[in-house]
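In: sequence first, then the predicted structure:
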Amino acid sequence: MDLPFREIIDLSHEMFEGMRNGGGWTVAFPIMDNFARTRMMTGGRAAYETHMMLFPEHCGTHLDAPRHFHEPGRSIDQIPLERLCVPGHLLDLTHRGPGEAITIADFEAAEEKSGRRISAGTATVCWTGSDVAWGQPDMGRRRPHVPTETAQFLVDRGMQLFATDMIGMDNPDEWWDPTHQVWLSNDVCMVQQLCGLERLVGKDFLLAAFPIKVLGATGCPVRAVALVV
């Protein structure tokens, strides 16, 4: 069977026991049963291993649903799947360093460089290179940020999905997360903490980021991939 894509590129960080995450909550995968115990219990007729998964909604490579900051907003289970598998538009913002604001002019220059306008029906993929700090104690600050005026500019352009390798998008000193509020109150979902975006340079791709269908969830880890066409 001929597939409609040539390559699958994994854009997701691994999840593991004790991994760091922005909220500081526990990530754990305790063993419920192991091979030695189940082999003994079954007299050698079967052996298997199972784990419990314990992690916050917003950890690792994950999706923010509008409900996260906007009380009437859609939760994870209410987001249409067609909003989460769309053509990707890679925008190179790697010139912005930690603590710097990504301005409207930066996005305009990046879209001109890409040869395409930021518009509805695509995922705006903001590549900063800040995923190199992932897992470090100060990873939430070792990145640029998107001010509210830039966030509103992207909303006005019709953006419906924002994806980035940044660990957060707001100015770390603005603890009330105003950029989150702009996007989520406008029904714009966000995929955070991607990795490997440099592998997408010069490629046409679909971005797919599907969460577990958890009722009422405000966010969920995803296996984000680029399907290169």
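Out: Ah, there it is.
In: strands of this structure, start to end?
Out: Remark: strands assigned in the chain by DSSP state E are 7-10, 31-33, 50-51, 62-64, 85-92, 123-127, 161-164, 189-192, 205-211, 219-228.
In: quick check: buried residues in the longest one?
Out: This points to strand 219-228. Judged by neighbour count using 16 or more other Cβ atoms under 10 Å, the buried positions of strand 219-228 are Gly219, Cys220, Pro221, Val222, Ala224, Val225, Ala226, Leu227, Val228. C-betas here are computed from N, CA, C, even on glycine.
In: am I right that the fifth one is in contact with Met190?
Out: Read it as Ala224. No. In this structure Ala224 lies outside contact range of Met190 using Cβ atoms under 8 Å: 11.7 Å.
In: which neighbours do the two have in common?
Out: Ala163 (Cβ atoms under 8 Å, 6 or more residues apart in numbering).
In: can you list the domains in this structure?
Out: With domains defined by automatic domain parsing, the chain comprises 25-55, 62-228.
In: looking at these, which is closest to Glu14?
Out: domain 62-228 (9.5 Å; Cβ to Cβ).
In: ok, now how distant is the residue in the chain sticking out farthest from the centre from Gly168?
Out: The centre of the chain is farthest from one residue, Gly43, which by Cα atoms, centre = their mean lies 44.9 Å away. The gap separating Gly43 from Gly168 is 52 Å, by Cβ to Cβ, to the nearest Å.
In: and for Val182?
Out: Val182 is 14 Å from Gly168, by Cβ to Cβ.
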